[in-house]
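Colleague: Need a 3D model of the following:
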Amino acid sequence: MTVKTGLTLWRRLALIVLFQGSLLAAPLPLDDVTDVVYAFQGERLTAVLTRFFADQGVRLNMSDALERDRRTLNGRRSGSPRDIFTSLAESNGLLTYYDKQAAYVYLASEVEHDYLPLNPKYAPRIERALAQMGMMDSNNHTRLYTDAGLAEIHGVPRYVEHARQVINTITDTASQEDNLVIQYFPLKYAWATDRTFNAGESAVTVPGVATLLRNILNGQPTDNYAFGSQAARQTADTARRVTGPEEEDQPLSAESFDTPNRRTGNGPDTYRGEGAASVVADPYRNAVIVRDTPENLAMYNRLIEQLDVPTQIVEIEATIIDVNTDRLRSLGTEWRFEDTENNVDVSSGSSGDIKSDFISALQADSTSVLQQVPGLQIGAIVGDEQRFVTRLRALENEGVLKVSSRPKVATLNDLEAVIEASRSLFVPVEGAYEVDLFEVFAGTVFRVTPHVIEDDDQNRIRLTIAVRDGVVDVNGDMPVSTRNSVNTQAIINEGASLLLGGLEREESVVNEHKIPLLGDIPILGYLFKTKSTSIKRSERLFLISPRLLTPDGTPGLAGYGTVDPWTSSIRSPQLSSSDSGSCPGNCDYEHGDDSSQQY
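Modeller: Residues are numbered from 1 along each chain as shown. Predicted coordinates for the structure are as follows:
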């Protein structure tokens, strides 16, 4: 018992010494080096103080009692500004309090004395807060009597008000922390921590559940993240407690103090919210740990249930098709399509426009043509992929078009997928002292961001598409790069496809014909061979087919994707000249259950 009493006594003595010494308030920012002279001739004290603090660039707040004071000053004061003000304060009975932004000046008769109840358990936290803010000096101080459970505040009214707010707010916050509980939320589908993905040349950060909860608690938006969850935009009805600026030089107010480690946490996956409510991400177990009041945990539970849902997987297939426009014009072909409800008959002589005829030939009863897309010559068609493929394969068999590639990529809903097939040429560029390499791009880059729209009867997919297509001509001394690009959006039904077409390309082709052996003789070989250069014109089509996948990788649409329309068997169509009049033989070939196509 004696030891305990001794420790308590030593602690009280140390506390008093600490308050009277190291916890002095910030001194007035007055010059104590330069000597100045002030001469007063019947000037009011309030006018002298106003002029003096204005000269020192310090904001001044005088009490009402001091404003009503009628005393005047006479005589001469010299010395540093700090010495002059100390002399004025002592001779006129003035007390000051400086909160790092403004100086508060009172009469000595305005000193207040106040007592507040104190929970001894919260005394260390109050000590730290007062120490960090440097509120006290010889005239303004606070003493904590832990044995008696009492806090004594002595000083000018502004200091008493601030100290009272600090003690009351820390007490309220600490008492709320006593009621905090910890809840562990394991996640099945969502990520607890942030994940960064490389999408082409850019990095995309997808926020985890912990980050979303932290932003909701802190009132920060998540627009800087590539995330499309509607649940992330819900707001939490959490009680707003005292928050404060982090800068040291902010004016002291009821909101200008903070509890230790608040907002700092232990890293990017830790957040200590209002009232010491905290959200921590556990990356090893993919879980979120929340520390808050029991009534708020129900809110966390509901929000996490909405965030922790399976993310839809979308497979993007991009079929790149090159159409030989020279071959298309030379055919003079007649296309005809028939089904039970429609009869489309388009020939090259009907409109005089090969492109219009070609786009009509690709259409079917279930397709629709979009408006002209900037950067495209043909436009865009939305419809059933299998109907597209039957027409495209028929033209492929006649050498009108060629399927260059069919890359596929799977991505999460609302996450950009990038398909790139390119090559780079580095051209040396000579400078004054060094040679730099300038990169010339050639190839095709797809950037597709899918967004699944879930309806009761039919799922739809919104596609945000950016296509960049370039080719480099290296026949000359310097390579010449031709680049085409298009950015568009479309909403299509699940199981449908989007056809973008008409990016024109020109390629120089050098053909050499020679007599074997003789054409290889140096110099004389030129007599036995010929070279010709031709311009090959083509238009590039992009058939973009999104599919919803289940977690096991199978298509989400029942029966869709079980047969690849590009590899399934199809009978080669018969093409007739525009001069032949009618189609020879039987031109009906079955394609599906309810349609046929004639050539």
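
Colleague: buried set for the longest strand anywhere in the chain?
Modeller: Longest strand in the chain, counting residues (DSSP state E): strand 529-549. Within strand 529-549, the residues that qualify as buried by neighbour count (16 or more other C-beta atoms under 10 Å) are 537-549. For every residue, glycine as well, the C-beta is placed using N, CA and C.

Colleague: In terms of secondary structure, what does that strand contact?
Modeller: In terms of contacts (3 or more C-beta pairs under 8 Å, 6 or more residues apart in numbering; DSSP states H and E), strand 529-549 is packed against strand 313-324, helix 325-331, helix 385-397, strand 435-453, strand 460-473, strand 496-514.

Colleague: Keeping just the C-alphas, turn it into CSV.
Modeller: Backbone C-alpha positions of strand 529-549 (Å, rounded to 0.1, in the frame of the first residue of the first chain) are rendered in CSV as follows:
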residue,chain,number,x,y,z
LYS,A,529,12.7,-10.6,-115.2
THR,A,530,10.1,-7.9,-114.6
LYS,A,531,8.9,-6.1,-111.5
SER,A,532,5.6,-4.4,-111.0
THR,A,533,4.2,-2.5,-108.1
SER,A,534,0.5,-2.7,-107.3
ILE,A,535,-1.7,-1.1,-104.7
LYS,A,536,-3.8,-3.5,-102.7
ARG,A,537,-6.9,-1.9,-101.2
SER,A,538,-8.8,-3.5,-98.4
GLU,A,539,-11.2,-2.6,-95.7
ARG,A,540,-10.9,-4.0,-92.2
LEU,A,541,-13.9,-5.3,-90.3
PHE,A,542,-14.0,-6.1,-86.6
LEU,A,543,-16.6,-8.6,-85.3
ILE,A,544,-16.8,-8.2,-81.6
SER,A,545,-18.6,-11.0,-79.8
PRO,A,546,-19.1,-10.8,-76.0
ARG,A,547,-20.2,-13.8,-74.0
LEU,A,548,-21.0,-14.2,-70.4
LEU,A,549,-19.1,-17.1,-68.8
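
Colleague: Pull the residues that contact the helix or strand containing Asn198.
Modeller: Element membership for Asn198 (DSSP states H and E) is strand 195-199. Contacts of strand 195-199 with the rest of the structure, by C-beta atoms under 8 Å, 6 or more residues apart in numbering, involve 203-206, 208, 415-418, 447.

Colleague: So which of the residues you listed wins on neighbours?
Modeller: Ranked by neighbour count (other C-beta atoms under 10 Å), the contacts of strand 195-199 have Gly208 at the top, with 24 neighbours.

Colleague: quick revisit: mind checking which of the contacts of strand 195-199 are in strands?
Modeller: Among the contacts of strand 195-199, the members that lie in strands (by DSSP E) are 203-206, 417-418, 447.

Colleague: where exactly do the strands run in the stretch 51-200 of the chain?
Modeller: If DSSP state E, counting those that start in this stretch is used as the criterion, the strands of the stretch 51-200 of the chain fall at 59-62, 72-79, 94-98, 102-107, 112-117, 141-145, 150-155, 181-186, 195-199.

Colleague: rewinding a little: looking at the contacts of strand 195-199, which one is closest to Tyr159?
Modeller: Distance to Tyr159, by C-beta to C-beta, is smallest for Gly208 among these, at 44.9 Å.

Colleague: For the closest one, give its distance to Ile491.
Modeller: Per C-beta to C-beta, to the nearest Å, Gly208 is found 29 Å from Ile491.

Colleague: So Leu49 lies in a helix, does it not?
Modeller: Yes: in this structure, Leu49 lies within a helix as judged by DSSP: H, G, I helix; E, B strand; the rest coil.

Colleague: that older thread, now do the longest strand of the chain against strand 496-514, angle only.
Modeller: Relative orientation of strand 529-549 with respect to strand 496-514: 160 degrees, computed using axes from the mean of the first three to the mean of the last three C-alpha atoms, to 10 degrees.

Colleague: Show the average pLDDT along strand 529-549.
Modeller: Computed over strand 529-549, the mean pLDDT rounds to 81.

Colleague: relative to strand 313-324, how tilted is that strand?
Modeller: Relative orientation of strand 529-549 and strand 313-324, computed by the same axes, to 10 degrees: 160 degrees.

Colleague: follow-up on the earlier one: got a markdown table for the strands of the stretch 51-200 of the chain, with distance to Val440 too?
Modeller: Listed next are the strands of the stretch 51-200 of the chain as a markdown table, based on distance: least, C-beta to C-beta, whole Å:
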| stretch | distance to Val440 |
| --- | --- |
| strand 59-62 | 62 |
| strand 72-79 | 75 |
| strand 94-98 | 65 |
| strand 102-107 | 63 |
| strand 112-117 | 75 |
| strand 141-145 | 72 |
| strand 150-155 | 74 |
| strand 181-186 | 51 |
| strand 195-199 | 23 |
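
Colleague: Single out the most deeply packed of those strands.
Modeller: Here the criterion is mean neighbour count by mean count of other C-beta atoms under 10 Å, and of these the winner is strand 94-98, at a mean of 22.

Colleague: and the angle from that strand to strand 102-107?
Modeller: Angle, strand 94-98 to strand 102-107, by the same axes, to 10 degrees: 160 degrees.

Colleague: quick revisit: let me have the contacts of strand 195-199 in a markdown table, extended by pLDDT and distance to Val472.
Modeller: Listed next are these as a markdown table, based on pLDDT from 0 to 100; distance: C-beta to C-beta, whole Å:
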| residue | pLDDT | distance to Val472 |
| --- | --- | --- |
| Ala203 | 76 | 28 |
| Val204 | 76 | 29 |
| Thr205 | 83 | 34 |
| Val206 | 83 | 35 |
| Gly208 | 90 | 42 |
| Leu415 | 85 | 31 |
| Glu416 | 86 | 26 |
| Ala417 | 86 | 25 |
| Val418 | 86 | 21 |
| Arg447 | 88 | 21 |
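
Colleague: Dump those residues into TSV; add distance to Ala102 as well.
Modeller: Listed next are the contacts of strand 195-199 as TSV, based on distance: C-beta to C-beta, whole Å:
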residue	distance to Ala102
Ala203	46
Val204	47
Thr205	43
Val206	46
Gly208	44
Leu415	52
Glu416	52
Ala417	57
Val418	56
Arg447	55
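
Colleague: low-confidence ranges in the chain?
Modeller: 1-26, 199-201, 220-276, 328-392, 474-477, 502-503, 507-508, 551-599 (pLDDT under 70).

Colleague: Just the C-alphas of the longest helix seen in it, formatted as PDB.
Modeller: The single longest helix within the chain, with elements called by DSSP state H, is helix 157-178. Taking Å, rounded to 0.1, in the frame of the first residue of the first chain, the C-alpha atoms of helix 157-178 are listed here in PDB:
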ATOM      1  CA  PRO A 157     -12.100  32.800 -21.100                       C
ATOM      2  CA  ARG A 158     -10.800  31.700 -24.500                       C
ATOM      3  CA  TYR A 159      -8.400  29.200 -23.000                       C
ATOM      4  CA  VAL A 160     -11.000  27.900 -20.500                       C
ATOM      5  CA  GLU A 161     -13.400  27.300 -23.500                       C
ATOM      6  CA  HIS A 162     -10.800  25.400 -25.500                       C
ATOM      7  CA  ALA A 163      -9.600  23.300 -22.600                       C
ATOM      8  CA  ARG A 164     -13.200  22.400 -21.700                       C
ATOM      9  CA  GLN A 165     -13.900  21.400 -25.200                       C
ATOM     10  CA  VAL A 166     -10.800  19.200 -25.400                       C
ATOM     11  CA  ILE A 167     -11.600  17.400 -22.100                       C
ATOM     12  CA  ASN A 168     -15.200  16.900 -22.900                       C
ATOM     13  CA  THR A 169     -14.600  15.700 -26.500                       C
ATOM     14  CA  ILE A 170     -11.900  13.300 -25.500                       C
ATOM     15  CA  THR A 171     -14.000  11.900 -22.700                       C
ATOM     16  CA  ASP A 172     -17.000  11.400 -25.000                       C
ATOM     17  CA  THR A 173     -14.800   9.800 -27.700                       C
ATOM     18  CA  ALA A 174     -13.100   7.500 -25.200                       C
ATOM     19  CA  SER A 175     -16.300   6.400 -23.600                       C
ATOM     20  CA  GLN A 176     -17.600   5.500 -27.100                       C
ATOM     21  CA  GLU A 177     -14.400   3.500 -27.600                       C
ATOM     22  CA  ASP A 178     -15.200   1.500 -24.500                       C
END
